[in-house]
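okay, here's the prediction I keep looking at, along with the sequence it came from:
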Amino acid sequence: MKIKGKKFLVVGLGKTGVSATRFILAQGGKVTITDSRTRMELAESIKLLGDLKVEMDLGKHNPKLFTQNDVIVLSPGVPGNIEGLSEARAAGIPIVNDIEIATHFIKAPIIAVTGTNGKTTTTTLIGEMLRNEGKKVFVGGNIGVSALDMLINGETPDAVVLEVSSFQLESMENFKPSIVVLTNLEPDHLDRYPTGVESYYAAKQRILKNADKSTTLILNLDNERSLQWAEQFPGKVLHFTKRDPMTISPQLAEKFKGAYLRRPKVVLKGFEKGNGEEIIEMILCKLPGDHNRENVMAAALAARAFGATKTSIQKTIDFFKGVPHRLEFLRKKDNVAFYNDSKATNVASVLRSLSSFNAPVILIMGGRDKDQDFTPLMELVKKRVKNLILVGEAKEKINRILGDFSETFLVGTFEEAVLIGFQKSRNGDIVLLAPGCASYDMFRNYEERGDYFKKMVSQL
């Protein structure tokens, strides 16, 4: 990709927009920034740009700008249907994102992780497994650090591990990872994909656009929708599953390559000569729930496929403490355990969170709805949830669907939700924040929501 002398329109000045602007300018390009937020709202981002020479058009998106530049760089949080983009597409102007730009400059092999849930934990685990193998690793993407930052800083890693969202994949054309991990596929972001869940799945599958026989694909054998990706895939496919392949079918067990649970252990099969097995101990693993067993298996397969040894994988599992806001244990107060799963922004992730506990759960849900169907939660709420505390824009909708299956409270503030949760708790209970919704009605992002929950809990 030629950057020098070209005019770039950076749409959205969050972390990604700042990184894209800095990189393009360093490569000799010219940058105009547009954002619907005001200069005051963007003060922190603008400060990060220092005295770099850029033009800014803030507080709105001027459609004329979109056809006055050579390339448009779309930040992942910006919808792909905002005014101006259709005119740019009609004019043949390329619309890219930070990872697409970075692809042209990254020399190290890329391991890409996508899926509906578990992406960040899996991505982080892979990075740690490779570091324990002695590799220099860059971990970034949708996890919060742009791949362009690595290039700006002059890093030369042995491997680049990237979490990739459907939003980022929408504008990918040349992205070609060596290893692709699909954690799972569940309905999500239907507010972003109004034509239906199929368009969301199609965006995810763009990660395979440039796959060939040298590409390794790692899939969840227990997630039916994921298995369709293996059809006509030109490269190597590895599977992970919570089931013993022999219980599925003897034919599958004989040719199975991947990872499975032989409780309480994980078995890697197909990496030793003669399709032999390697045993990974899970007794020291600090990540609760079967969904985290899936994340561990997916990460172990990616690391092993890249060349990491069983020793490095085992060391990582033994010492890894988890990722903030993903079923994060906070503290015990009067023998009540508090968990922060602010990243549980969809129904499938709430199901996984609730399934991780056998004790009675006081569940805090709510936020901005993403046009989701909450009915799949009914049985588990009836079985596991002692009290349901609802807050935010979606509380009335959730109450209509789930309110009859638990003692339910609708509250106006996040503080009330935490206080009522603690007041209703008893010895041995779990207080769990698993919102099942986006955070934008009350917070800037799920991290801010999770941090606020942690603060409230620490003050009890």
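That came through fine.

can you list the domain ranges for this structure.
Following automatic domain parsing, one gets these domains for the chain: 7-96, 101-319, 328-458.

between these, which one is closest to Met1.
For Met1, the closest of these is domain 101-319, at 4.1 Å, according to Cβ to Cβ. For glycine as for every other residue, the C-beta is placed from the backbone atoms N, C-alpha and C.

end to end, how far does the closest one reach?
The separation between the terminal residues of domain 101-319, taken as Cα to Cα, to the nearest Å, is 35 Å.

any chance of the domains of the chain in JSON lines, plus mean pLDDT, mean neighbour count and distance to Met1?
What follows is the domains of the chain, written out as JSON lines (pLDDT from 0 to 100; neighbours: other Cβ atoms under 10 Å; distance: least, Cβ to Cβ, whole Å):
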{"stretch": "domain 7-96", "mean pLDDT": "94", "mean neighbour count": "18", "distance to Met1": "8"}
{"stretch": "domain 101-319", "mean pLDDT": "93", "mean neighbour count": "19", "distance to Met1": "4"}
{"stretch": "domain 328-458", "mean pLDDT": "96", "mean neighbour count": "19", "distance to Met1": "29"}
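
what are the contacting residues of stretch 234-242?
Stretch 234-242 is contacted from outside by 211-222, 230, 248, 256-261, 270, 290, 293-294, 297-298, 301, 305, using Cβ atoms under 8 Å, 6 or more residues apart in numbering.

the helices in the stretch 201-350 of the chain, which residues?
224-227, 245-248, 250-255, 290-306, 310-319, 347-354 (DSSP state H, counting those that start in this stretch).

got JSON lines for those, with distance to Gln205 too?
Output for the helices of the stretch 201-350 of the chain, formatted as JSON lines (distance: least, Cβ to Cβ, whole Å):
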{"stretch": "helix 224-227", "distance to Gln205": "10"}
{"stretch": "helix 245-248", "distance to Gln205": "24"}
{"stretch": "helix 250-255", "distance to Gln205": "24"}
{"stretch": "helix 290-306", "distance to Gln205": "17"}
{"stretch": "helix 310-319", "distance to Gln205": "28"}
{"stretch": "helix 347-354", "distance to Gln205": "18"}
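
which ones among the contacts of stretch 234-242 are found in strands?
Under the assignment DSSP state E, these contribute 216-220, 258-261, 270 to strands.

now, among the residues you listed, which is nearest to Gly276?
Using Cβ to Cβ, the ones in strands among the contacts of stretch 234-242 come closest to Gly276 at Gly270, 8.3 Å.

just checking, that closest one touches Tyr260?
No. Taking contacts as Cβ atoms under 8 Å, Gly270 lies outside contact range of Tyr260: 10.9 Å.

what about Glu416, distance to Lys386?
18 Å (Cβ to Cβ, to the nearest Å).

state the distance from the closest residue in space to Asn132 that isn't next to it in sequence to Lys236.
Nearest non-adjacent residue to Asn132, counting by Cβ to Cβ, 6 or more residues apart in numbering: Ser312, 4.1 Å away. With distances taken as Cβ to Cβ, Ser312 is found 21 Å from Lys236.

same check on Ala434?
35 Å.

with Leu380 instead?
Counting by Cβ to Cβ - Leu380 and Lys236 are separated by 36 Å.

do Thr316 as well
Taking Cβ to Cβ, one finds Thr316 at 23 Å from Lys236.

same question for Leu351.
Going from Leu351 to Lys236 by Cβ to Cβ gives 31 Å.

now swap in Leu125 and tell me
To Lys236, Leu125 is 21 Å away according to Cβ to Cβ.

ditto for Asp244
Asp244 is 22 Å from Lys236, by Cβ to Cβ.

does Leu190 touch Gln372 like I think?
Yes. Judged on Cβ under 8 Å, Leu190 makes contact with Gln372 at a distance of 6.5 Å.

rewinding a little: is it possible to get TSV of the ones in strands among the contacts of stretch 234-242 that adds distance to Gly140?
Shown next, in TSV, are those (distance: Cβ to Cβ, whole Å):
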residue	distance to Gly140
Thr216	20
Leu217	21
Ile218	19
Leu219	23
Asn220	23
Gly258	26
Ala259	25
Tyr260	30
Leu261	30
Gly270	29
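
among these, which one lies nearest to Pro109?
For the ones in strands among the contacts of stretch 234-242, the closest approach to Pro109 (Cβ to Cβ) belongs to Thr216, at 10.4 Å.

residues in contact with the closest one?
Thr216 neighbours (Cβ under 8 Å, 6+ apart): 178-180, 235-238, 305.

check the residues you listed and tell me the two furthest apart.
Using Cβ to Cβ, the contacts of Thr216 span at most 14.2 Å, a distance reached by Ser178 and Val237.

what's the helix or strand containing Val161 in contact with?
Using DSSP states H and E, Val161 sits within strand 159-163. The contact list for strand 159-163 (Cβ under 8 Å, 6+ apart) reads 99, 106, 108-114, 119-120, 123, 126-127, 130, 135-143, 147, 150, 177, 306.

again, but for stretch 249-258
Against stretch 249-258 from outside (Cβ under 8 Å, 6+ apart): 218, 221, 237-241, 244-246, 268-270, 275, 297, 301.

just how off-centre is stretch 120-132 within its chain?
14 Å (Cα atoms, centre = their mean, to the nearest Å).

I meant to write stretch 261-281 there.
27 Å.

span of it from start to end?
Stretch 261-281: ends 10 Å apart by Cα to Cα.

same check, this time on stretch 194-209
23 Å.

how far does that stretch sit from the chain's center?
15 Å.

list of residues touching that stretch?
With Cβ under 8 Å, 6+ apart, stretch 194-209 has contacts from 112, 114-115, 164, 166-167, 169-170, 172-173, 175, 177, 180, 182, 185, 187-190, 192-193, 215, 217, 225, 229, 233, 371.
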